[in-house]
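Novice: okay, predicted coordinates and the sequence, questions at the end:
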Amino acid sequence: MRKLLNHLMSGYGALFFIFLYAPVILVVAYSFNSNPVNVMIWKEFSFDWYINLFGGETNLSDSSAYVESTDQLFAALQVSLTVAAFATIVSTVLGTSVAVAIARYRFRLQGFYRLLLMVPMVMPDIVLGIALLIFFVGVGMNLGVTSIVIGHCTFLTSYVFIVVSARLAGMNPMIESASADLGANEWQTFRRVTLPLILPGVIGGALLSFIISMDDLVITYFISGVDSTTLPVFIMSMIRRGIKPEINAIATMMLMASVLIASAGIYFKSRKA
Amino acid sequence: MRSFNGQQKQLLVLLTPATLFLSVFFLGPLLIMAVSSFLEPGLYGGVEWSFYPWSYGRVLGWADGFYEEFDIVYLEILLRSAGLALATVAVTLLLCYPVAFWISRMPSRWKSFCIFMIALPFFSSMIIRLYAWILILRDSGFANQILLSLGIIAEPLDLMYSGTAVILGMVYIFVPFMFLPVYSSVENLDPKLIKASQDLGATPFTTFRRVIFPMTLPGVIAGSILVFIPALGNFVVPSMLGGAKVVMIGNLVEQQFLASRNWPFGATLSMIMILFMLLVVSFYLLKVMKKQHAA
């Protein structure tokens, strides 16, 4: 009876992982399918869609390729990277400083700040997106890279705060007291003791916000201007216009990138101080 | 000892930037949205500065009473969204609960690997993961190809553009949100209590119902909230997999801003979503946190 239950659980678990990964693996596999007409009917193995994306020569006919979008695609990637870089820097500074303030000082508004940094994470994306849209239009700010960076920082700060707070909670505050007792001033203690100790958390939080910023669709969708489309928004509009084999190749490359960044994040997060 | 003034100065330096930023760009926009939900819609988008509470009435069916008939279409969409979100919560819970037990009994190396593999999709692009389901579900998609070639069906099935497809898509996206809290409460189960229950003669089912389930309930509730809130307001999944057939409150909000240009009504719908969120979160804070304090 017990053994049967164990087997059932293992089977269920295996199915669970198949459910999680089969769809994604399917996309990766079919990105190497040369069939230009129906993406899901296997013809033969080829790198054509990748070569085509990077503007290389392929034996695809002009009509089957989707060449016109390549430039737009790279422009969107560039916007995404710019936004993610700035949003990560700003939100890492903001999130880390609040985390340090709450963990290392006693003050009356601690509960308020905890709540303030929790709310953006539980808020449905769309609510934040349209609140920001109304705000930007109301104050007469042009929608573009700046508005997207500001929008992303409002919720990324919370993610950095959570990650850095977790790191600070596992830290011995006596080390900082020791530094002060040995005559270091506050700034020296922060720079030479606290910062190196929380650095893995800070880097982990920064990587997390970079990934989330690169992937954000809903909030960006509302606050991006006409000529500042990010990669996810661009891909969504591409999918809405119709399924093309290039999307498989783009999807595969994006999946690879996120696996790499996530692995790096886990590495930094688990690294001992 | 740190001097009092020095400490205050440091706090000021640490807190001022984030306080200013979040007040202006987070609390400010929410406040403006709350205000504009009570304003009159402008003719070409935007708002007119006069008090206009009818947007809220419109959600419930009756509008300003002059040119619109009583029609509960928005209430239906609201209820449908809540229904789809609840179904998503139920399915993710059914998927994650047994798997959490399965993984919690693994050797620790395998444990961390499996958790990494479940969390990994969270780090990969949501739109790409949804796209995978479009490839599978559409008329000439993978599922239909297989069923056709096996001779199970003669004509491609209509798998996309249904409530089921939307639930499937949301389950796929939100699984990590349910799994992680459920897993952490399963992992924290005290095996001694389960043993005690068995020693006292409880059947496996009674042990589960009276000991295991109540102890994992905080994780279940936290996971359910983390899935329910984003599922309720989702507009990407229904617009990709639900088409025009399955409209959720998120799609309605999007329409108010990008097509109908009725901003106050869109703001009103968002306020209702915030209300839902506050209800759910305060329920959590009251029930679960209280219990944890008592324990």
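Specialist: Cool, got the structure.

Novice: grab the nearest non-local neighbour of the residue in the stretch 101-250 of chain A that chain B sits nearest to.
Specialist: Nearest residue of the stretch 101-250 of chain A to chain B (Cβ to the nearest Cβ) works out as A:Pro124 at 3.0 Å. (Each C-beta comes from the backbone N, C-alpha and C, glycine too.) Leaving aside its sequence neighbours, A:Pro124 sits nearest to B:Gly233 (Cβ to Cβ, 6 or more residues apart in numbering or on different chains; 3.0 Å).

Novice: poorly predicted segments of the chain, please.
Specialist: As the question left the chain open, I've gone with chain A. Filtered on pLDDT under 70, chain A yields the residue ranges A:37-40, A:56-69, A:268-273.

Novice: think we crossed wires, I meant chain B
Specialist: B:1-5, B:44-46, B:63-70, B:288-295.

Novice: for the residue nearest to A:Pro124, list the residues it contacts.
Specialist: With contact set as Cβ atoms under 8 Å, 6 or more residues apart in numbering or on different chains, B:Gly233 has these partners: A:124-127, B:249-250, B:253, B:273.

Novice: can you tell me the residue of the stretch 101-250 of chain B closest to chain A?
Specialist: B:Gly233 (3.0 Å).

Novice: now do the phi/psi pair for that residue.
Specialist: The phi/psi pair for B:Gly233 (degrees, to the nearest 10) reads phi -90, psi 10.

Novice: any idea how far A:Thr194 is from B:Pro218?
Specialist: Separation of A:Thr194 from B:Pro218 (Cβ to Cβ, to the nearest Å) stands at 32 Å.

Novice: buried residues in the lengthiest helix in chain A?
Specialist: Across chain A, the longest stretch assigned as helix under DSSP state H is helix A:69-104. For helix A:69-104, the neighbour count (16 or more other Cβ atoms under 10 Å in any protein chain shown) marks A:69, A:73, A:76-77, A:79-80, A:83-84, A:86-88, A:90-104 as buried.

Novice: give me the helices and strands touching that helix, please.
Specialist: helix A:48-53, helix A:110-122, helix A:145-169, helix A:195-215, helix A:231-241, helix B:4-22 (3 or more Cβ pairs under 8 Å, 6 or more residues apart in numbering or on different chains; DSSP states H and E).

Novice: run a quick neighbour tally on the nearest residue to A:Leu217 once chain neighbours are set aside.
Specialist: Spatially, and ignoring its direct neighbours in sequence, A:Leu217 is nearest to A:Pro232 (4.3 Å; Cβ to Cβ, 6+ apart). By other Cβ atoms under 10 Å in any protein chain shown, 23 other residues sit near A:Pro232.

Novice: who in the stretch 51-200 of chain A is up against chain B?
Specialist: Contact residues (Cβ under 8 Å from any Cβ of the partner chain) of the stretch 51-200 of chain A with chain B: A:90, A:93-95, A:97-98, A:100-101, A:105, A:107, A:113, A:116-117, A:119-120, A:122-128, A:130-135, A:137-138, A:150-151, A:153-154, A:157, A:180, A:186.

Novice: residue numbers of the stretch 51-200 of chain B in contact with chain A?
Specialist: So far as Cβ under 8 Å from any Cβ goes, the stretch 51-200 of chain B lies against chain A at B:95, B:98-99, B:101-103, B:116-121, B:123-129, B:131-136, B:138, B:140-142, B:145, B:172, B:175.

Novice: ok, 7 Å please
Specialist: Residues of the stretch 51-200 of chain B lying near chain A by Cβ under 7 Å from any Cβ of the partner chain: B:95, B:98-99, B:101-102, B:116-118, B:120-121, B:123-129, B:131-136, B:140-142, B:145, B:175.

Novice: buried ones among those residues?
Specialist: Judged by 16+ other Cβ under 10 Å, buried ones among these: B:95, B:99, B:101-102, B:118, B:120-121, B:123-129, B:131-136, B:141-142, B:145, B:175.

Novice: let me know the secondary structure of B:Pro156.
Specialist: Applying DSSP: H, G, I helix; E, B strand; the rest coil to B:Pro156 yields a three-state assignment of coil.

Novice: so it touches B:Asn144, yeah?
Specialist: Yes. Assessed by Cβ atoms under 7 Å, B:Pro156 is found in contact with B:Asn144 at 4.2 Å.

Novice: one step back: can you select the buried ones among the residues of the stretch 51-200 of chain A next to chain B for me in ChimeraX?
Specialist: To isolate the buried members of those in ChimeraX, using 16+ other Cβ under 10 Å:
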select /A:90,93,94,95,97,98,100,101,113,116,117,119,120,122,123,124,125,126,127,128,130,131,132,133,134,135,137,138,150,151,153,154,157,186
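
Novice: I figured A:Phe45 hits A:Asn35, correct?
Specialist: No. If you go by Cβ under 7 Å, A:Phe45 and A:Asn35 don't touch, sitting 11.0 Å apart.

Novice: which of these two has more neighbours?
Specialist: Between A:Phe45 and A:Asn35, A:Asn35 has the larger neighbour count (other Cβ under 10 Å), namely 15 against 10.

Novice: what's near enough to touch the residue nearest to that one when sequence neighbours are not counted?
Specialist: Of all residues not flanking A:Asn35 in the chain, A:Lys43 sits nearest, at 3.8 Å (Cβ to Cβ, 6+ apart). Going by Cβ atoms under 7 Å, 6 or more residues apart in numbering or on different chains, A:Lys43 touches A:33-35.

Novice: A:Gly205: how many residues sit nearby?
Specialist: 31.

Novice: show me which strand runs longest in chain B.
Specialist: In chain B, assigned by DSSP state E, the strand with the most residues is strand B:47-51.

Novice: buried residues in that one, which are they?
Specialist: B:Val47.

Novice: about what we covered before: pull up the gap between the residue of the stretch 101-250 of chain B closest to chain A and A:Thr230, please.
Specialist: Distance check for B:Gly233 against A:Thr230: by Cβ to Cβ, it reads 20 Å.

Novice: same check on B:Gly219?
Specialist: Distance from B:Gly219 to A:Thr230, by Cβ to Cβ: 34 Å.

Novice: what does B:Val280 give?
Specialist: Per Cβ to Cβ, B:Val280 is found 30 Å from A:Thr230.

Novice: what do you get for A:Gly140?
Specialist: 23 Å.

Novice: more neighbours, these two?
Specialist: More neighbours surround A:Thr230 than the other of A:Gly140 and A:Thr230, with 28 against 6 (other Cβ under 10 Å).

Novice: ok, for the more buried one, nearest residue in space, not its chain neighbours?
Specialist: A:Thr230 sits nearest to A:Ser80 (Cβ to Cβ, 6+ apart), 4.4 Å away.

Novice: quick check: that neighbour touching A:Leu231?
Specialist: Yes. With contacts counted by Cβ under 7 Å, A:Ser80 reaches A:Leu231, the gap being 4.2 Å.

Novice: which residues touch the longest strand of chain B?
Specialist: B:36, B:38-42, B:263-264.

Novice: repeat the analysis, applying 10 Å as the threshold.
Specialist: Residues outside strand B:47-51 that contact it (Cβ atoms under 10 Å, 6 or more residues apart in numbering or on different chains): A:134, A:138, B:35-42, B:262-264, B:267.

Novice: paired strands for that strand, with orientation please.
Specialist: strand B:39-41 (antiparallel) (DSSP bridges).

Novice: contact partners for the residue positioned nearest the centre of chain B?
Specialist: Residue closest to the average C-alpha location in chain B (Cα atoms, centre = their mean): B:Pro230, at 2.6 Å. Listed by Cβ under 10 Å, 6+ apart, the contact set of B:Pro230 reads A:122-126, A:218, B:85, B:88, B:170, B:173-174, B:177, B:237, B:250, B:277.

Novice: and it, how far from B:Met271?
Specialist: B:Pro230 is 17 Å from B:Met271, by Cβ to Cβ.

Novice: rewinding a little: right, and the helices and strands packed on helix A:69-104 - which one's nearest B:Asn188?
Specialist: helix A:145-169 (16.6 Å; Cβ to Cβ).
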